[in-house]
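# Quick one: sequence and predicted model below, then my questions.
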Amino acid sequence: MSIEVNGEAREGIATITDAVAAVTSARRGIAVALNGEVVPRSEWDRPLADGDAVEVLTATQGG
Amino acid sequence: MEQRITSDADLKIADKTFTSRLILGTGGAANHAQLAEAITASGTELVTVALRRVDPAASGSILDVIERCGVELLPNTAGCFTAEQAVRTAKLAREAFGTNWIKLEVIGDEDTLLPDPVELLDAAETLVADGFTVLPYTSDDPVLARRLEDAGCAAVMPLAAPIGTGLGVRNPHNLALICEHADVPVICDAGIGTASDAALAMELGCSAVLLATAVTRAADPALMAAAMRDAVNAGRAARLAGRIPKRHLANASSSFEGMADL
């Protein structure tokens, strides 16, 4: 099953929690979008499907 | 109608009050240490951040800087070109940072970074209905400012000039008009280049100034941050004090009465 995490195809990702762990160890200040829709942290254990695109976002410098 | 401010008070936006009338954008700082110095020197209580993909190579988080400085965070929707993108970004920011405050930016094109007024108003209406405290970055159009206020925005944030240009207040008349008619705080956002620009925005009646590049890309960011702090305070005081009317001809401050016959 191939899941895209922040634009990069990855294997071995079953849940959003896995996707987050693949790119960061931080938990504070992180938000996740699955195929463009916000996924609340309480639903991060929901299983992903082949071809899902996950965005893992955080704060960065910006005006 | 000239609005006279007769007594000063803390800046109140929605349910929060601020002693400082300077809001600092964090974009453009060379590193976190320099940014922390600038935040401290500016005296600000509110700083903006953008929402981007996590960078696995990043060292340290800007969230730590903000926490250490003891200031509040205002996420933005920078980089969004449509209302749909901006609304999604605002919802992600709410999830990430646990705040329903959002600096709403919806940009019309990459060259000017000017707001897209149609998308902006659309996004503002959607976000207000969803319970967000919306602070929209807008053009210096008094009609659009009124429409945003009518839509329930907690403040309106007209630009002085396009983002990052440092051109200062390009249309002081429009900015003054917006200030005269708004019942929510008017925060001059973007285009400030130096301290006198920030002072002018406050003299025109703005409740606060939001700036980033002018400080973060100055040769000495902390020194410019302190200059901006003083400029905002001076501009505010001058506004409260009530400036003299402008005249065409001189008006002697020393009386001619009692002049010696020399």
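Nice, thanks for sending it over.

# All the helices of chain B, in order from the start?
B:32-42, B:62-69, B:83-97, B:117-129, B:142-150, B:172-181, B:195-203, B:213-216, B:221-241 (DSSP state H).

# With adjacent residues omitted, what lies nearest to the closest residue to chain A within the stretch 151-262 of chain B?
With CB to the nearest CB, the shortest gap between the stretch 151-262 of chain B and chain A falls at B:A212, namely 3.8 Å. Heads up, the C-betas are built off the backbone N, CA and C, glycines and all. Closest residue in space to B:A212, ignoring its immediate chain neighbours: B:G25 at 2.6 Å, by CB to CB, 6 or more residues apart in numbering or on different chains.

# is the one you found in a bridge, and if so with what?
B:T48 (DSSP bridges).

# Now do the same contact list for B:V209.
Counting by CB atoms under 8 Å, 6 or more residues apart in numbering or on different chains, B:V209 touches B:21-23, B:187-189, B:192, B:198, B:201-202, B:228, B:232.

# if we go to 6 Å?
B:22, B:188, B:198, B:201, B:232 (CB atoms under 6 Å, 6 or more residues apart in numbering or on different chains).

# can I get these in CSV with distance to chain A and neighbour count?
Putting the contacts of B:V209 into CSV (distance: CB to the nearest CB, whole Å; neighbours: other CB atoms under 10 Å in any protein chain shown) gives the following:
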residue, distance to chain A, neighbour count
B:L22, 14, 26
B:C188, 13, 31
B:A198, 15, 32
B:A201, 16, 34
B:V232, 17, 27
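
# residues near A:G63, how many?
Under the neighbour criterion other CB atoms under 10 Å in any protein chain shown, A:G63 is assigned a count of 25.

# how near is it to chain B?
From A:G63 across to chain B, the span is 3 Å (CB to the nearest CB, to the nearest Å).

# my guess is the residue nearest to B:A212 contacts B:A50, does it?
No - using CB atoms under 6 Å as the test, B:G25 is too far from B:A50 to be in contact (9.2 Å).

# Can you check the pLDDT for the residue of chain A at minimum distance from chain B?
Residue of chain A nearest chain B, by CB to the nearest CB: A:G62 (2.6 Å). Predicted confidence (pLDDT) for A:G62: 89.

# Quick check: closest non-adjacent residue to the closest residue to chain A within the stretch 1-150 of chain B.
Chain A sits closest to B:A50 of the stretch 1-150 of chain B, with a gap of 2.6 Å, by CB to the nearest CB. Spatially, and ignoring its direct neighbours in sequence, B:A50 is nearest to A:G62 (2.6 Å; CB to CB, 6+ apart).

# Run a quick check on that neighbour versus B:G28, I expect a contact.
No - checked against CB under 6 Å, the pair A:G62 and B:G28 is beyond contact range at 9.0 Å.

# neighbour-wise, which of the two wins?
Remark: of A:G62 and B:G28, A:G62 carries more neighbours, 23 against 18, as counted by other CB under 10 Å.

# Who are the contact partners of that one?
B:27, B:49-50, B:76, B:78.

# How about B:D116?
For B:D116, the contact set (CB under 6 Å, 6+ apart) comprises B:106, B:108.

# measure it to B:I178 for me?
18 Å (CB to CB, to the nearest Å).

# Looking at stretch B:176-189 now, give me its mean pLDDT.
97.

# How about that stretch, which residues are buried there?
Neighbour counts over stretch B:176-189 (16 or more other CB atoms under 10 Å in any protein chain shown) mark B:176-179, B:182, B:184-189 as buried.

# Just say helix, strand or coil for the residue sitting furthest away from the middle of chain A.
In terms of distance from the mean C-alpha position of chain A, A:G63 ranks first, at 24.8 Å (CA atoms, centre = their mean). Classification of A:G63 using DSSP: H, G, I helix; E, B strand; the rest coil returns coil.

# again with A:E55
With three-state DSSP as the criterion, A:E55 reads strand.

# pLDDT at it, what is it?
A:E55 is given a pLDDT of 96.

# Same check on B:P56?
At B:P56, the pLDDT recorded in the model is 85.

# and it, how many neighbours does it have?
Using other CB under 10 Å, B:P56 has 11 neighbouring residues.

# go on, the one 3 residues further on?
B:S59 has 7 neighbours, counted by other CB under 10 Å.
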